[in-house]
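Visitor: what follows is a protein structure lacking sequence information:
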């Protein structure tokens, strides 16, 4: 794939934005998606300034019709879909499990889990018909370890990793690879909201053996790799990019 067509959900900020920039720099044709039109149009313009063909398509991954339209518009614009990065997500409502509600559960799972299911459904529909494609779901190290104060978020990322493995098995015979990348603590707006400030971020740094937070382009580069033709024999895997946090 010299000029792959890449779709990125949640591509307007943080890791998703960094993924879009990395793909644009590599010469890919990029579609970024999110819920905020002004920010999305600005990101698409930024990617074009890097020399990429780029479009913004507004969509909310919690809604089946939105995701169907997103994928179909991508194919209508560029003729195919080679790579999809399912990055749209929310930290939900951090705090003790005893403070969680049906509403906080739904708000987290509707984006992180239902959004991934709907994205996989429509992306794989197109890729299976092509006989080729690569999908990367963005998880978290909390997807395979416990997280006091983030039980609902951790549960949602456990679900993303289970979905990844199941979809990889389902679509392997169709030529579609499905993997996940699980970032550790990464210096993004989501981490700021999750930790509540510098003290929380300092604690996050202290539990990483490399002694620092990741920058968004670090998990982004791992996503570009595992999605690419350099990783054609890798499917159903979860790649941790966490500075050694889960090594012990």
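Guide: Looks like it arrived, so ask away. Treat the numbers as computed from the prediction; the structure is a model and nothing was measured.
Visitor: spatially nearest residue to residue 93, not counting backbone neighbours?
Guide: Residue nearest to residue 93 in three dimensions, not counting chain neighbours: residue 104, with 4.1 Å by Cβ to Cβ, 6 or more residues apart in numbering. In this view, the C-beta of every residue, glycine as well, is placed from N, C-alpha and C.
Visitor: with residue 194 instead?
Guide: That would be residue 91: by Cβ to Cβ, 6+ apart, it lies 4.7 Å from residue 194.
Visitor: sorry, back to before: quick one: contacts of the helix or strand hosting the residue nearest to residue 93?
Guide: In the assignment (DSSP states H and E), residue 104 maps to helix 102-109. By Cβ atoms under 8 Å, 6 or more residues apart in numbering, the surrounding residues in contact with helix 102-109 are 90-93, 152-153, 155-156, 159.
Visitor: tell me which of these fall in helices.
Guide: 152-153, 155-156, 159 (DSSP state H).
Visitor: next, count neighbours for residue 105.
Guide: 16 (other Cβ atoms under 10 Å).
Visitor: what helices or strands is the helix or strand encompassing residue 181 leaning on?
Guide: Here residue 181, judged by DSSP H and E, is contained in strand 176-183. In this structure, strand 176-183 packs against helix 115-130, strand 133-138, helix 151-171, helix 217-227, strand 238-241, with contacts taken as 3 or more Cβ pairs under 8 Å, 6 or more residues apart in numbering; DSSP states H and E.
Visitor: picking that back up, just to check, the residue nearest to residue 194 is in contact with residue 188?
Guide: No. Residue 91 lies out of contact with residue 188 (Cβ atoms under 8 Å); the separation is 10.0 Å.
Visitor: picking that back up, would you turn the helices and strands packed on strand 176-183 into TSV with mean neighbour count?
Guide: As requested, these are arranged in TSV below (neighbours: other Cβ atoms under 10 Å):
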stretch	mean neighbour count
helix 115-130	21
strand 133-138	27
helix 151-171	20
helix 217-227	22
strand 238-241	20
